[in-house]
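S.K.: sharing a model that was predicted from the sequence below.
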Amino acid sequence: MPDLKISTDFEGGSVEALDCRDPGAIRLALKPDGRSPDLQWFHFRLHGAKGRDCRITFENSDRLARLAGRDEIPDCWTGYRPVASHDGAEWLRVGADYRDGIFSIVDRPLHDSVDYAYFAPYPLARHRALVDRARRSPRVAHDVLGLTPDGHPIDRLTFGRAGQGRRRLWIMARQHPSETMGGWFLEGLVDRLLDPADPVAAGLREAAVIHIVPTANPDGCARGHTRTNALGMNLNRAWADPAATDAPEVAAIRDAMEAEGVDFCLDVHGDEELPYNFLGGPLEIPSRNEGLRRRFVDFMRGLEAASPDYVRRHPYPGGAPEAADLRMAWNWIAERFGCLTVLLEMPFKDQIDVPDARYGWSPQRSARLGRAMLDPIAAALPGLR
């Protein structure tokens with residue numbers, strides 16, 4: 001039988017191989033984000049295991065921190081199954097085992113080389129292809145808000161032109177690089193905005209100027225980080241004071257928002273524990289008011305009508321916090337600009353309301369939700385101010 005090998009020498013690769021001599025007892029460890037203790041993302045390639053029963057155990061999978069107020073819901077590994085692909089195109093859910101706090105992948109590969117990942121990767125090459133596709137359209141302007149510490153551009157796509165009465169919309173994803181569903185979501189949304197025959201997209205392009213930052217943390221994406229940039233900073237905890245020395249990505253996006261103004265912002269994320277799509281609004285910021293609450297409720301209703309993959313009845317675990325954390329983008333932006341902001345969290349697990357045993361929550365469903373998101377955004381336009 002061929003020797004087993006584990007490799008991670010590719011974009012987004014992340015895992016530490018401890019022992020891969022026995023296919024039934026492969027031992028791995030999740031890797032922290034460089035100088036940060038954050039860890040959860042994994043993406044690795046297993047060679048030489050075709051037709052062999054494999055158990056791949058993450059020996060430090062019991063060390064993951066949980067957010068406050070979530071003790072009553074299952075942790076990230078409960079009910080979760082990882083994804084695998086032999087061609088990088090189709091990602092299928094595979095078997096898993098979780099006992100005594102330790103998580104294992106259980107699979108019998110059908111190919112000599114198989115990739116396993118926490119969620120289907122969204123490579124920077126695909127991001128660049130999306131940007132190039134948009135740049136070719138006369139409906140889109142492209143610029144670079146700044147460069148990251150590793151030299152990656154922070155791309156912005158702008159639909160529509162600023163003018164009197166036009167609402168200023170901002171949409172961004174992948175502050176946390178492991179939340180790759182955000183890339184797939186933005187691809188679906190951008191492709192619909194590019195469609196010249198779509199009346200909703202045409203109306204938005206005419207009535208608003210839409211600024212889109214598809215990949216806010218390209219360094220973390222390339223390095224295979226879970227939540228941080230190249231400097232070890234969690235960007236979604238840097239908005240209140242984004243020093244260029246540790247969060248230049250946030251500083252660049254904030255400067256652009258200050259220059260252009262903001263009437264609405266959608267910040268796209270993924271949640272490791274929740275088995276459903278969840279929306280958060282600016283309901284706890286210091287300047288909260290009834291108008292903001294009403295506009296957010298209307299937005300939730302609009303998305304529920306537009307997509308079967310969003311159901312309003314799921315509450316946030318632990319209930320709303322007493323006060324908003326203004327280090328987070330959606331809270332800081334709402335407070336600074338007095339506007340409606342929406343946090344979208346998509347699941348790493350299967351979607352509990354419309355489950356799919358083969359794919360779970362997937363790139364395709366993320367993209368479809370991105371396309372559907374234009375409907376509640378369009379409906380919200382008249383009441384944004």
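M.R.: Happy to help now that I have it.
S.K.: look at the closest residue in space to residue 179 that isn't next to it in sequence and report its pLDDT.
M.R.: Counting by Cβ to Cβ, 6 or more residues apart in numbering, residue 270 is the residue found nearest to residue 179 once chain neighbours are left out, at 3.4 Å. For every residue, glycine as well, the C-beta is placed using N, CA and C. Residue 270 carries a pLDDT value of 98.
S.K.: my guess is residue 270 contacts residue 174. True?
M.R.: No. Assessed by Cβ atoms under 8 Å, residue 270 is found out of contact with residue 174, at 9.3 Å.
S.K.: and for the two, which residues touch both?
M.R.: Common neighbours of residue 270 and residue 174 are listed as 180, 182 (criterion: Cβ atoms under 8 Å, 6 or more residues apart in numbering).
S.K.: which of the two has more neighbours?
M.R.: Taking neighbours as other Cβ atoms under 10 Å, residue 270 and residue 174 compare with residue 174 leading, 27 against 24.
S.K.: contacting residues for that one?
M.R.: By Cβ under 8 Å, 6+ apart, the residues touching residue 174 are 122, 180, 182, 183, 214, 215, 216, 217, 221, 268.
S.K.: that one and residue 168, how far apart?
M.R.: Distance, residue 174 to residue 168, by Cβ to Cβ, to the nearest Å: 21 Å.
S.K.: what bridges to the residue nearest to residue 161 when sequence neighbours are not counted?
M.R.: Of all residues not flanking residue 161 in the chain, residue 209 sits nearest, at 6.2 Å (Cβ to Cβ, 6+ apart). When bridges are called by DSSP bridges, residue 209 pairs up with residue 168.
S.K.: surely residue 209 and residue 166 touch.
M.R.: Yes. Taking contacts as Cβ under 8 Å, residue 209 lies within contact range of residue 166: 5.4 Å.
S.K.: overlap in contacts of those two?
M.R.: Counting by Cβ under 8 Å, 6+ apart, the contacts common to residue 209 and residue 166 are residue 160.
S.K.: spatially nearest residue to residue 154, not counting backbone neighbours?
M.R.: Spatially, and ignoring its direct neighbours in sequence, residue 154 is nearest to residue 145 (4.4 Å; Cβ to Cβ, 6+ apart).
S.K.: okay, now residue 41: neighbour count?
M.R.: Neighbourhood size, residue 41 [other Cβ under 10 Å]: 27.
S.K.: report the buried members of the contacts of residue 174.
M.R.: Neighbour counting with 16 or more other Cβ atoms under 10 Å marks 122, 180, 182, 183, 214, 215, 216, 217, 221, 268 as buried within the contacts of residue 174.
S.K.: give the contact list for the third one.
M.R.: Right, the one you point to is residue 182. With contact set as Cβ under 8 Å, 6+ apart, residue 182 has these partners: 122, 173, 174, 268, 269, 270, 346, 366.
S.K.: now do the SS call for it.
M.R.: helix (DSSP: H, G, I helix; E, B strand; the rest coil).
S.K.: skipping adjacent residues, who's closest to it in space?
M.R.: Nearest-residue entry for residue 182: residue 173, 3.3 Å, with adjacent residues in sequence omitted and distances by Cβ to Cβ, 6+ apart.
S.K.: quick one, helices of the protein?
M.R.: Secondary structure of the chain by DSSP state H: the helices cover 124-135, 181-194, 199-207, 218-223, 248-260, 290-306, 329-337, 363-380.
S.K.: tell me the domain boundaries of this protein?
M.R.: If you go by automatic domain parsing, the domain ranges for the chain are 5-117, 124-383.
S.K.: deepest-packed of those, please.
M.R.: Comparing these by mean neighbour count (mean count of other Cβ atoms under 10 Å), domain 124-383 comes out on top with a mean of 19.
S.K.: and that one, end to end?
M.R.: Length of domain 124-383, first residue to last, Cα to Cα, to the nearest Å: 36 Å.
S.K.: and that domain, how far out from the chain's middle?
M.R.: Relative to the centre of its chain, domain 124-383 is centred 9 Å away, using Cα atoms, centre = their mean, to the nearest Å.
S.K.: for stretch 119-139, same thing?
M.R.: On Cα atoms, centre = their mean, the centre of stretch 119-139 falls 15 Å from that of its chain.
S.K.: quick check: mean pLDDT of it?
M.R.: Per-residue scores along stretch 119-139 average to 97.
S.K.: C-alpha coordinates for stretch 134-152, PDB please?
M.R.: The C-alpha coordinates for stretch 134-152 follow below in PDB (Å, rounded to 0.1, in the frame of the first residue of the first chain):
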ATOM      1  CA  ALA A 134     -17.100  43.000 -13.000                       C
ATOM      2  CA  ARG A 135     -14.500  45.300 -14.400                       C
ATOM      3  CA  ARG A 136     -15.400  44.400 -17.900                       C
ATOM      4  CA  SER A 137     -18.900  45.800 -17.400                       C
ATOM      5  CA  PRO A 138     -19.600  49.400 -18.200                       C
ATOM      6  CA  ARG A 139     -21.900  49.400 -15.100                       C
ATOM      7  CA  VAL A 140     -19.000  48.900 -12.700                       C
ATOM      8  CA  ALA A 141     -16.000  51.000 -11.500                       C
ATOM      9  CA  HIS A 142     -13.100  49.200  -9.800                       C
ATOM     10  CA  ASP A 143     -10.500  50.700  -7.500                       C
ATOM     11  CA  VAL A 144      -8.100  49.500  -4.800                       C
ATOM     12  CA  LEU A 145      -8.700  51.000  -1.300                       C
ATOM     13  CA  GLY A 146      -5.200  50.000  -0.100                       C
ATOM     14  CA  LEU A 147      -2.700  47.300   0.100                       C
ATOM     15  CA  THR A 148      -2.400  44.700   2.900                       C
ATOM     16  CA  PRO A 149       0.700  43.900   4.800                       C
ATOM     17  CA  ASP A 150       1.400  41.000   2.500                       C
ATOM     18  CA  GLY A 151       0.800  43.200  -0.600                       C
ATOM     19  CA  HIS A 152      -2.700  42.100  -1.600                       C
END
